[in-house]
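Q: this is the structure alone, sequence omitted:
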């Protein structure tokens, strides 16, 4: 397993701002519900350098633990289909909580979920002015390189990847390992090479 690139403790710069869809106090409730969670997707990209303000707060919890979290928060578990694929989630106070994101790209499922390594590498950062766990920059890059959604869909995945890479020295060994674990090594690495980030 590739070595950790450090920096997994200690809150830093302000991070992503809050939006009306969710309130920072929701993060306090997440802490009360447990510690094995992390912000991911657009809000995580904003923490790591994207200048776009996220419209929602996506939180990933350990696989198989969604029902437990939903029960703690009093939120029903439902199924939805979005750009991230078919997924089960719980919506609570503007926070979208899920335990497994599996987009199907080019006919192939690309499973993205919180395993032990993702949990170990997450970082404590400020989100909406409060400390919150955030997935590692490499995990943000891999998910967005899988999706590669563009402006025609109101998304900016490649721009987010550039912003994250500009502000962080990525651990390429871990990034490649994560991409392979998501069954997306070829797709992810091809994009990074085109962007001069390989």
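A: Looks like it came in fine. Keep in mind that what you see is a predicted model, and the values were worked out from it rather than measured. Numbers count the residues shown, from 1 in each chain.
Q: give the next helix or strand downstream of the longest strand along the chain.
A: Longest strand in the chain by number of residues, with DSSP state E as the criterion: strand 85-92. Towards the C-terminus, the helix or strand next in line after strand 85-92, according to DSSP states H and E, is strand 95-98.
Q: and that next one, what does it pack onto?
A: Strand 95-98 is packed against strand 57-61, helix 66-73, strand 85-92, with contacts defined by 3 or more CB pairs under 8 Å, 6 or more residues apart in numbering; DSSP states H and E. (Glycine included, C-beta is placed from N, CA and C.)
Q: thinking again about what came up before, and the contacts of the longest strand of the chain?
A: 26, 66, 69-70, 73-81, 96-104, 109 (CB atoms under 8 Å, 6 or more residues apart in numbering).
Q: put together CSV for the helices and strands packed on strand 95-98, with distance to residue 36 and mean neighbour count on each row.
A: Shown next, in CSV, are those (distance: least, CB to CB, whole Å; neighbours: other CB atoms under 10 Å):
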stretch, distance to residue 36, mean neighbour count
strand 57-61, 7, 26
helix 66-73, 9, 17
strand 85-92, 15, 19
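Q: out of those, nearest to residue 168?
A: strand 57-61 (19.1 Å; CB to CB).
Q: next one: the closest one to chain centre, how far?
A: Distance of strand 57-61 from its chain centroid, counting by CA atoms, centre = their mean, to the nearest Å, is 7 Å.
Q: all set now, cheers.
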